[in-house]
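Enquirer: coords below, sequence missing:
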């Protein structure tokens with residue numbers, strides 16, 4: 001299959017592209033810079049220059065492909081407070097890709113990255129969020145719902161909901177490195193409240209395999225959960241970071257949460273217990289790589305940046 005991948009040089013893309021190539025697929029990766037292009041080429045994929053704002057280019061690439069995996073997102077904008085702008089740019093880009101696939105009329109697959117935190121933000125707590133849970137709308141949820149609805153236009157669409165903690169030695173800028181950075185900056189590893197709220201997690205390589213399975217097998221209109229750890233208490237996460245940094249772990253006073261957790265402050269206290277039972281049954285997906293705490297204790301997150309895997 002000829003697969004067009006956005007975000008091909010990023011954290012997830014750097015695992016998804018090799019996974020696809022190893023399965024015999026031809027991959028064309030979107031690259032917005034010379035360094036991204038070099039990274040995509042080094043993975044063994046073909047390079048297409050462009051970005052999420054190049055809507056004509058996205059339509060052309062989607063039309064030429066047999067399927068699309070959409071991983072790109074303007075993460076820099078999110079971190080600097082322009083989350084709404086990043087969400088809107090993503091929605092417009094996905095709309096362009098979806099429309100191009102629908103116009104081909106061939107049942108091509110489209111797999112996008114969504115997030116389990118949207119369930120918690122939508123009020124689902126006290127029980128595991130499931131693949132059957134669908135919210136009426138909201139940031140990023142609108143895009144997910146639109147993609148699921150593309151099944152009615154002949155696109156074999158699916159949304160892979162990522163846990164907030166996607167971890168591995170490929171993870172240089174995700175929430176785990178951010179939490180480690182907050183601990184270093186503040187002299188202690190913090191958690192919100194009593195630290196009993198739970199966050200799901202998944203290993204990058206396991207999730208890359210799920211994206212391939214979704215591309216190849218997921219029925220149209222599928223919501224999938226890329227979750228291995230259904231819910232790790234934030235206190236346990238803080239304690240793992242603390243022992244690797246030789247720092248204390250303790251609760252962050254409520255009035256200090258915004259300063260300590262910065263861009264994560266609005267959602268660090270959410271309880272996001274999440275099930276992936278239907279995903280495992282539907283696609284035969286079974287995570288095989290280390291869980292979050294084991295991976296943190298492996299030490300690679302704490303190596304000097306130059307010594308970590310590029």
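Expert: Yep, it's here. From a predicted model like this one, the values you see are computed outputs, not experimental measurements.

Enquirer: least confident secondary structure element in the protein?
Expert: In the chain, the helix or strand scored least confidently by mean pLDDT, DSSP states H and E is helix 75-79, which has a mean of 69.

Enquirer: centre of the chain to the top helix by length along the chain, how far?
Expert: Among the segments of the chain that qualify as a helix by DSSP state H, the longest is helix 83-104. Between the centre of helix 83-104 and the centre of its chain there are 17 Å (CA atoms, centre = their mean, to the nearest Å).

Enquirer: give me the contacts around that helix.
Expert: The contact list for helix 83-104 (CB atoms under 8 Å, 6 or more residues apart in numbering) reads 6, 52-53, 55, 58-60, 62-63, 68, 70, 72-75, 77-78, 108, 110, 112, 139-140, 142-143, 146-147, 150, 153-155, 157. (C-beta placed from N, C-alpha, C; glycine too.)

Enquirer: list only buried entries from those.
Expert: Neighbour counting with 16 or more other CB atoms under 10 Å marks 6, 52, 55, 58-60, 62, 68, 70, 72-74, 77, 108, 110, 112, 139-140, 142-143, 146-147, 150, 154-155, 157 as buried within those.

Enquirer: mind checking which of the contacts of helix 83-104 are in strands?
Expert: 6, 68, 70, 110, 112, 157 (DSSP state E).

Enquirer: bridging residues for the last one?
Expert: The bridge-partner assignment for residue 157, based on DSSP bridges, gives residue 110.

Enquirer: that one: what's it in contact with?
Expert: Listed by CB under 8 Å, 6+ apart, the contact partners of residue 157 are 98, 109-112, 147-151, 220-222.

Enquirer: switch the cut-off to 7 Å
Expert: Shown in contact with residue 157 (CB atoms under 7 Å, 6 or more residues apart in numbering): 110, 147-148, 150-151, 220-221.

Enquirer: where's the spatially most central residue of the chain relative to residue 211, distance?
Expert: Most central in the chain under CA atoms, centre = their mean is residue 162, positioned 4.4 Å from the mean C-alpha point. Distance of residue 162 to residue 211, given as CB to CB, to the nearest Å: 10 Å.

Enquirer: low-confidence ranges in this structure?
Expert: Residue ranges of the chain with pLDDT under 70: 77-79, 305-310.

Enquirer: okay, now the domains of it?
Expert: With automatic domain parsing as the criterion, the domains of the chain are listed as 2-165+201-227, 168-200+230-274+289-307.

Enquirer: quick one: stretch 237-255 to chain centroid distance?
Expert: For stretch 237-255, the distance to the chain centre is 25 Å (CA atoms, centre = their mean).

Enquirer: how about that stretch, which residues are buried there?
Expert: By 16+ other CB under 10 Å, the buried positions in stretch 237-255 come out as 237-242, 244-245, 247, 249, 251-252.

Enquirer: and if you look at stretch 30-38?
Expert: By neighbour count with 16+ other CB under 10 Å, stretch 30-38 contains the buried residues 30-32, 36-37.

Enquirer: biggest separation within the residues you listed, which pair?
Expert: 30 and 37 (9.6 Å; CB to CB).

Enquirer: what about the strands in the stretch 151-300 of the chain?
Expert: Counting by DSSP state E, counting those that start in this stretch, the stretch 151-300 of the chain has these strands, from start to end: 156-162, 165-167, 189-192, 198-203, 222-225, 229-233, 249-252.

Enquirer: starting from the shortest one, tell me which strands it pairs with and how they run.
Expert: Spelled out, that is strand 165-167. Its sheet considered, strand 165-167 pairs with strand 198-203 (parallel) by DSSP bridges.

Enquirer: relative to strand 156-162, how tilted is the strand it pairs with?
Expert: Calculated by axes from the mean of the first three to the mean of the last three CA atoms, to 10 degrees, strand 198-203 forms an angle of 120 degrees with strand 156-162.

Enquirer: is it true that residue 119 touches residue 131?
Expert: No - contact status for residue 119 versus residue 131: not in contact, 10.2 Å apart, counting by CB atoms under 7 Å.

Enquirer: tell me which of those two has more neighbours.
Expert: residue 119 (25 against 19; other CB atoms under 10 Å).

Enquirer: give me the beta-bridge partners of the residue nearest to that one when sequence neighbours are not counted?
Expert: Using CB to CB, 6 or more residues apart in numbering and skipping the chain neighbours, the partner closest in space to residue 119 is residue 129 (3.9 Å). As for beta bridges, residue 129 partners with residue 274 under DSSP bridges.

Enquirer: burial count for residue 129?
Expert: 26.

Enquirer: quick one, helices of the stretch 101-250 of the chain?
Expert: Applying DSSP state H, counting those that start in this stretch to the stretch 101-250 of the chain gives helices spanning 117-121, 141-149, 175-186, 204-217, 234-245.
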